[in-house]
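K.L.:
sequence first, predicted model second:
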Amino acid sequence: MIVCPACGHRTPEGAELCEACGRSLANFVYRVCPSCGALNSAQHVFCHRCFAELTLAEGEEPIPESTFVRPYTPPIVTLEEEVTTQAVHREAKAQASETGALPTSEALPGQTPSEAELGPRAAAPISEEQAVAPSMEGEMGETPASTEEALPPLEAAESPEVLGGGPVGAAGVETPAVQVAPPDETQALTPEAAANPLEGLDDLLPFEPAVTLPHRPSQHVSAAPSTTEDYEAELFQQVAVERAPLQEGAQVVLPRTAQGLPQIGRTILYILVLLAGVLPLFTWGQMSSFVQPRESVLALVRTIEELPSGAEVLLSFDYSPTYAGELDPLALAVVRHLARRSVRMVVMSTKPEGIGLAEAIYRTITEESPDYRYGEHYVLLGYLPGQEAGLRSLNTALGDAFKIDYLQKRPLGELSATSGLATLKDFDQIIVLSDDSLTVQRWVEQVQAQSDIPFHALVTSAVEPLLVPYQRSGQLLSLIPAASGAVEYELAGSVKPSALFRSDAYAAFFVLLLVVALVTNALYARRGKRGS
Amino acid sequence: MRRFLPIAVAIICGLWVLADFFVSHPLIDSVGAKLLEGVMILAAFALFAGILNLLGFHARRISKDQKDWGYRLVLMVALGGTLIAGIVLPGSGALSWIFGYMYYPLQSTMAALLAFFVVSAAYRAFRLRNGEALIMLITSLVVLLAQLPFSNRISPYLPLLRKWILDVPVTAGTRGIILGTALGTITTSLRILLAVDHPYAQD
């Protein structure tokens, strides 16, 4: 159904002219849903309310037009009518001033002010029940046969509420009866409301036409709900009322009150941790005599020992200062060993802060061995962005990834340590120091898998288990956890000791954890016996 | 055209870099290297864009006079000071000083606090509530004990036991994760290369 833009008549789909007024429907703007009667834009193919197809199916009966909502069109008030209305208003005001009654609404010729105030319903007797408790059934209950029948044209005598008159009721719409009291009662009950605020004022501006227009209540068409609306209402009720399927059978789990350490226990425990940390300051590596390097550490030491003087090794410092306390000692031990073997080292990082850590390590090396010079024996390349892409480019051409070095900003070709290096295949060994497994995985996938260069990973102890599969597959020649690896490497490589004293701290910390485990379970068992 | 062009560029670049991984040809290698170089430049620029975004974010909140504006101001001053030290005074050692005497100790301090939290957490984690807790406790203690540099002296079986734990149950689980991740990566790559997914193009 399409709506004629001129007269509003509904014409079946496909018609070119309006059945009622004969005008062209080429520019119609509304289309009526044949299923639910909702108005839709002419461009809509499906109804916005019920999603039914807007073009009527063959053989389908359109729903009665009487159930459609007809938009309210206010009557057009001509200038003459407006002048007449204002004159009547002034006359009614004058009469009210003479009689003492308030002109609470506009009166038309032929009507007394009291009738005008009360509206047409005031003449009808009001039952006691209506006066006490207004029923709402009249508003929603009966369905008028048509809009025209249900809503007769309003009389001009029906006064707008804004003028202080009683509420206006239209047929089929009940208004609360308490508001439809006789005028004398209204005056007696509400003297403040009876006072006319405009009384005594002359030459008042006339009311705007829109204000003087009779008030119409909203035209409420209570058409029988369609099947679609019934279904939607039922669905909404299910969604709103029923429990969600995921909730069925679910148990409400209240957060358990964690039985943590009491304050005194926590204080004692923290003091013990502190003591375990400072213990090496007093014992200075008493446990180091018991250190025995494991096979992976010995393998790396042997590999470096077998490197010829002047061999090229790439080191990547891929860790942050957070784990520097664990990884720095191992890095220092390995770099000391390489420097002692006169191996040329090229240093880089795939983390922005890693190159700063490397710089600090090599500063220490330079202070220890002044003959070990930057540019000649080692070079800091800097930070390599791009993660996988960066490592791939490193594999393709070293000069593409790093144009200049980090410290002296010179082209790599000008530095003797990097003069003959074109790609990663020119390196003898690659050593990556990392605090996360993903970085090592990237190195294995993007570099080691392409070049078959001997590859070693020195990682934090927490990361080591995640990289064991790569070691077992042979892609990592050595995988060394840094916590114990530094101590073992210094012993195995006969490097200047700086981490050996840490073995005392490791032992103390382990004993502490063991004691905590035992005490915890002892307390737990004791509480269980008490039944608390 | 607005949708077709980015999809076409992404597919061509992806296939080219993939071919560069498997095929060795001067043309493929040189173009692939240029594409990777472009990615690195973009990644570096993303860092720069991130700094600008950070500055703008905190500057807006400082101008609105929010209650924690002081911390934001400290952050901006520190960021500006570090940038100046790195860009304007590259050879003065100021950047190394900031790194060595501010950034490094603060990060290490945060990490050192973990020791206290670990011991405190161990109090709850090591309770023997059931059989699983017993297995976890024994495994944890064995791995911890075997990590000591002198674990061989305690018992020659400790390193062997640790090796078995790492080689068998841990490796099995880790391999499962790695294989699952690899399959997911392959699927995602194929979807992008076949233009089923195009997250780079705004719809």
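P.N.:
Okay, I see it.
K.L.:
how near is residue B:185 to residue A:388?
P.N.:
The gap separating residue B:185 from residue A:388 is 11 Å, by C-beta to C-beta, to the nearest Å. The way it works is simple: take the backbone N, C-alpha and C, and place the C-beta from them, glycine included.
K.L.:
those two: which has the busier surroundings?
P.N.:
Each of residue B:185 and residue A:388 has its neighbours counted (other C-beta atoms under 10 Å in any protein chain shown); residue A:388 has more, 14 against 11.
K.L.:
now the helix or strand containing residue A:274: mean pLDDT?
P.N.:
Assessed by DSSP states H and E, residue A:274 sits inside helix A:263-278. Mean pLDDT, computed over helix A:263-278, is 84.
K.L.:
now residue A:346, what's its secondary structure?
P.N.:
For residue A:346, the assignment made with DSSP: H, G, I helix; E, B strand; the rest coil gives strand.
K.L.:
in chain B, which helix or strand is least confident?
P.N.:
Across the helices and strands of chain B, mean confidence by mean pLDDT, DSSP states H and E is lowest for helix B:151-154: a mean of 82.
K.L.:
alpha carbons of that one, in PDB - could you do that?
P.N.:
Output of helix B:151-154 as PDB, limited to C-alpha atoms (Å, rounded to 0.1, in the frame of the first residue of the first chain):
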ATOM      1  CA  SER B 151      72.300 -29.500  42.700                       C
ATOM      2  CA  ASN B 152      74.600 -32.300  41.500                       C
ATOM      3  CA  ARG B 153      76.200 -32.300  44.900                       C
ATOM      4  CA  ILE B 154      72.900 -32.700  46.700                       C
END
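K.L.:
helices or strands up against whatever helix or strand comes next after it?
P.N.:
Heading C-terminal from helix B:151-154, the first helix or strand you meet, by DSSP H and E, is helix B:157-165. Applying 3 or more C-beta pairs under 8 Å, 6 or more residues apart in numbering or on different chains; DSSP states H and E, we find helix B:157-165 packed against helix B:131-147, helix B:151-154.
K.L.:
I'd like the mean pLDDT over helix B:157-165, please.
P.N.:
89.
K.L.:
and it with helix B:131-147, angle?
P.N.:
Helix B:157-165 runs at 120 degrees relative to helix B:131-147, counting by axes from the mean of the first three to the mean of the last three C-alpha atoms, to 10 degrees.
K.L.:
flag every buried residue along the helix or strand following helix B:157-165.
P.N.:
The element immediately downstream of helix B:157-165 (helix or strand, assigned by DSSP H and E) is helix B:171-193. Using 16 or more other C-beta atoms under 10 Å in any protein chain shown as the test for burial, helix B:171-193 gives B:171, B:174, B:178, B:192.
K.L.:
got a list of what the last one touches?
P.N.:
Same thing as residue B:192. B:10, B:14, B:198-199 (C-beta atoms under 8 Å, 6 or more residues apart in numbering or on different chains).
K.L.:
now for those residues: which two are most distant?
P.N.:
The span of the contacts of residue B:192, defined through C-beta to C-beta, is set by B:14 and B:199 at 12.5 Å.
K.L.:
which of these two has more neighbours?
P.N.:
residue B:14 (15 against 10).
K.L.:
hmm, back to that, so which of the buried residues of helix B:171-193 comes closest to residue A:449?
P.N.:
residue B:178 (13.7 Å).
K.L.:
in the stretch 151-300 of chain A, which residue sits closest to chain B?
P.N.:
Closest residue of the stretch 151-300 of chain A to chain B, C-beta to the nearest C-beta: residue A:290 (3.5 Å).
K.L.:
residue contacts, that residue?
P.N.:
With C-beta under 8 Å, 6+ apart, residue A:290 has these contacts: A:503, B:149-150, B:153.
K.L.:
which of the residues you listed are buried?
P.N.:
Counted by 16+ other C-beta under 10 Å, the contacts of residue A:290 give A:503, B:149-150 as buried.
K.L.:
so where's the chain shaky on pLDDT?
P.N.:
Since you didn't name a chain, this refers to chain A. Low-confidence segments of chain A (pLDDT under 70): A:56-79, A:82, A:96-204, A:206-223, A:241-261, A:529-532.
K.L.:
the intended chain is chain B.
P.N.:
Ranges of chain B meeting pLDDT under 70: B:91, B:201-203.
K.L.:
kindly recompute the last result at 80.
P.N.:
B:1-3, B:65-66, B:89-92, B:123-124, B:129, B:198-203 (pLDDT under 80).
K.L.:
mind checking the longest helix of it?
P.N.:
helix B:26-63 (DSSP state H).
K.L.:
any idea how far that helix is from the chain center?
P.N.:
17 Å (C-alpha atoms, centre = their mean, to the nearest Å).
K.L.:
is any part of that helix close to chain A?
P.N.:
Yes. Residues of helix B:26-63 contacting chain A under C-beta under 8 Å from any C-beta of the partner chain: B:29, B:32-33, B:36-37, B:39-40, B:43-44, B:47.
K.L.:
TSV for the residues you listed, including distance to residue B:140 and neighbour count?
P.N.:
Shown next, in TSV, are these (distance: C-beta to C-beta, whole Å; neighbours: other C-beta atoms under 10 Å in any protein chain shown):
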residue	distance to residue B:140	neighbour count
B:29	49	15
B:32	47	22
B:33	48	19
B:36	43	25
B:37	47	18
B:39	42	19
B:40	42	20
B:43	39	15
B:44	42	15
B:47	39	11
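K.L.:
farthest-separated two in those residues?
P.N.:
B:29 and B:47 (27.4 Å).
K.L.:
residues touching the nearest residue to residue B:59 once chain neighbours are set aside, list them.
P.N.:
Once flanking residues are discounted, residue B:59 sits nearest to residue B:76: 7.0 Å by C-beta to C-beta, 6 or more residues apart in numbering or on different chains. Listed by C-beta under 8 Å, 6+ apart, the contact partners of residue B:76 are B:55, B:58-59, B:62.
K.L.:
before we move on, the earlier item: between the contacts of residue B:192, which is nearest chain A?
P.N.:
Of these, the one sitting nearest to chain A (C-beta to the nearest C-beta) turns out to be residue B:14, at 12.0 Å.
K.L.:
surely the closest one is in a helix?
P.N.:
Yes. Applying three-state DSSP, one finds residue B:14 inside a helix.
K.L.:
can I assume it is in contact with residue B:188?
P.N.:
No. Contact between residue B:14 and residue B:188 fails when scored by C-beta atoms under 8 Å: they sit 11.3 Å apart.
K.L.:
just to revisit the earlier point, adding distance to residue B:111, write the contacts of residue A:290 out as JSON lines.
P.N.:
Shown next, in JSON lines, are the contacts of residue A:290 (distance: C-beta to C-beta, whole Å):
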{"residue": "A:503", "distance to residue B:111": "20"}
{"residue": "B:149", "distance to residue B:111": "21"}
{"residue": "B:150", "distance to residue B:111": "24"}
{"residue": "B:153", "distance to residue B:111": "29"}
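K.L.:
fine by me, we can end here.
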